[in-house]
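Novice: The following comprises the amino acid sequence and a computationally predicted model.
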Amino acid sequence: MAVGVLALQGSFKEHIACLRKLGVEAVEIRKPEQLAGLSGLIIPGGESTTMAKLAEKNKLFPALREFGSSGKPIWGTCAGLIFLADKAVGVKEGGQELLGGLDCTVHRNFFGSQLNSFEVELPVPALATQEGGAETTRAVFIRAPAIVGVGSSVEVLAEYPLSPSQTAHSPEQKGSSKDKVIVAVKQNNMLATAFHPELTSDLRWHSFFLKMISNGEDGTEVPGTEGTVAKKSDLPQTLNQVRDMPVFREASFLSLESH
Ligand SMILES: NC(=O)CC[C@H](N)C(=O)O
């Protein structure tokens, strides 16, 4: 199987490195025709407005929508989550084009500015149940969005308990009685995380996504690149790895545009 990573902007190299560590063919995607033959697609973090403009320039929106509606798995991390959401609040004036398909409302800069970025040990019960390992993961939130509303067919995979200082960064949040927000979800063929698993050494989210591909959603198998079918047995086992050492670096990929 080959997995594509949208490589317009943002942390696509880090996702590619994670996929390769798991023994999977990973391909940088910049043009619509490159989506053909992929078994799944990752939309990385970065800056969603910039990414949307570049996707528009490269005429990617129709092909990306077709890819999603064909049932092939798509995983959005951070800006990628914003991209996949049906609705985004806290967006720039004039709005921004979304791919949509994920029945949720996302707040684009829920946690505030770049300076409010943080790392935390996040409880991830659903991930631990499927992939084994610790009940928490190191989650890196960089000028991160959060999911503030979900439809009934969305499965919540992780929630983050808010501290009092994290509740009032925007008009949408003021007066909100939320004490936690959703930061990871799955809906049919779509997976979305508000944080950056590709910046840590915990490969379980990538492994989780690869299983979505190999299982196929709704029980059907996903065709591989050369007419083959990716089977669960094709996938590497989850690695028994040291997970609490994030490889968080200066997030230079976020510097293209201010919030
Ligand atoms: N780390 C990220 O991907 C940040 C996303 C950013 N909040 C945006 O608007 O796109």
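Specialist: Structure's in. What do you need? All figures in this text were calculated on a predicted structure; none of them were measured in a lab.
Novice: who does the helix or strand hosting Ala139 touch, helix- and strand-wise?
Specialist: Counting by DSSP states H and E, the element that carries Ala139 is strand 136-141. Packing partners of strand 136-141 (3 or more CB pairs under 8 Å, 6 or more residues apart in numbering; DSSP states H and E): strand 118-123. The C-beta positions use only the backbone N, C-alpha and C, and glycine is treated the same way.
Novice: Can you pull out the low-pLDDT segments for the stretch 151-259 of the chain?
Specialist: Applying pLDDT under 70 to the stretch 151-259 of the chain flags residues 167-177, 217-259.
Novice: Is there contact, residue-wise, from the strand holding Ala139 to the ligand?
Specialist: No. Under the criterion of CB under 6 Å from any ligand atom, the ligand is not reached by strand 136-141; the shortest gap measures 7.8 Å.
Novice: Run through who's touching that strand.
Specialist: Residues outside strand 136-141 that contact it (CB atoms under 8 Å, 6 or more residues apart in numbering): 111, 117-124, 127, 158, 160, 183, 194-197, 199-200, 202, 204-205, 243-246, 248.
Novice: Run the angle between it and strand 118-123 for me.
Specialist: Interaxial angle of strand 136-141 relative to strand 118-123 (axes from the mean of the first three to the mean of the last three CA atoms, to 10 degrees): 150 degrees.
Novice: how far away is Lys178 from Val148?
Specialist: Applying CB to CB, to the nearest Å, the value for Lys178 to Val148 is 7 Å.
Novice: neighbour count winner among those two?
Specialist: Val148 (19 against 14; other CB atoms under 10 Å).
Novice: helix/strand/coil for the more buried one?
Specialist: At Val148, secondary structure determined by DSSP: H, G, I helix; E, B strand; the rest coil is strand.
Novice: Quick check, it in contact with His107.
Specialist: Yes. Using CB atoms under 8 Å, Val148 makes contact with His107 at a distance of 5.0 Å.
Novice: At the contact with the ligand, which residues of the stretch 1-150 of the chain appear?
Specialist: Where the stretch 1-150 of the chain comes near the ligand, counting by CB under 6 Å from any ligand atom, the residues are 45-48, 78-79, 82, 108-109, 142-145.
Novice: so how far is stretch 111-129 off the chain centroid?
Specialist: Centroid separation between stretch 111-129 and its chain, computed with CA atoms, centre = their mean, to the nearest Å, is 13 Å.
Novice: Cool, thanks, talk later.
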